[in-house]
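A.B. asks: sequence isn't available, so here's the structure alone:
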Ligand code: MN
């Protein structure tokens, strides 16, 4: 994936679904703050830091690999949220992996149910703020990776496929302290065609 700045500025991604389409996994109110306020702030902060820096002209992905400190935090959060929001589709309880990714999940975790259990546990046990990822190594083998704060598996040389945001801002309005209940609902809004396309893409 290559996310380019336009005229030196990164833009707030557009949501590929209606604001109320993900409820009850994610409410329209949570989306309005999470996308419209939190992500917008990361975009504004990174754009303010770019002029005159060594990161001007780089793609978002290149910045995440190279940066440290505040630039990494803001660029990482933009990349993470772009991957997070673009992996969803309207709520549906009949929803299972497809294609090569579905086969790889069965191969590397035994079954979709076994994978779901491990992935949810990865999100539930991550202390504080961060992200749990399904990522592929250079051989296409799948791994569950916990990342604190704005971490992204691209910095480990892995391809990010699927992610659950476990920062409290992702669920607190809807689920308060019940992070596991929120994570269990996210399986009903995943667009497995999008996730499979990430797994099978060249870059
Ligand atoms: Mn977030």
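C.D. replies: Arrived safely, thanks for sending. Values in this document were obtained by computation on a predicted structure and should not be read as measured data. Numbers count the residues shown, from 1 in each chain.
A.B. asks: hey, where'd the strands end up in the protein?
C.D. replies: With DSSP state E as the definition, the chain shows strands at residue ranges 130-136, 142-148, 159-165.
A.B. asks: in contact with the residue nearest the centre of the chain, which residues?
C.D. replies: Per CA atoms, centre = their mean, the C-alpha nearest to the average position across the chain is that of residue 84, at 3.1 Å. The contact partners of residue 84, taken as CB atoms under 8 Å, 6 or more residues apart in numbering, are 131, 163, 164, 165. Just so you know, the C-beta spots here come from the backbone N, C-alpha and C atoms, and that holds for glycine as well.
A.B. asks: and which of those is nearest the ion?
C.D. replies: Taking CB to the ion as the measure, the ion sits nearest to residue 165 out of these, at 4.2 Å.
A.B. asks: now that closest one. Nearest residue, chain neighbours left out?
C.D. replies: Counting by CB to CB, 6 or more residues apart in numbering, residue 165 lies nearest to residue 84, which is 5.3 Å off, once chain neighbours are set aside.
A.B. asks: and for residue 51?
C.D. replies: residue 8 (6.8 Å).
A.B. asks: contacting residues for that neighbour?
C.D. replies: The contact partners of residue 8, by CB under 8 Å, 6+ apart, come to 47, 50, 51, 56.
A.B. asks: returning to what we had before: which of the contacts of residue 84 has the most neighbours?
C.D. replies: Neighbours here mean other CB atoms under 10 Å. Within those, the largest count is held by residue 131, at 29 neighbours.
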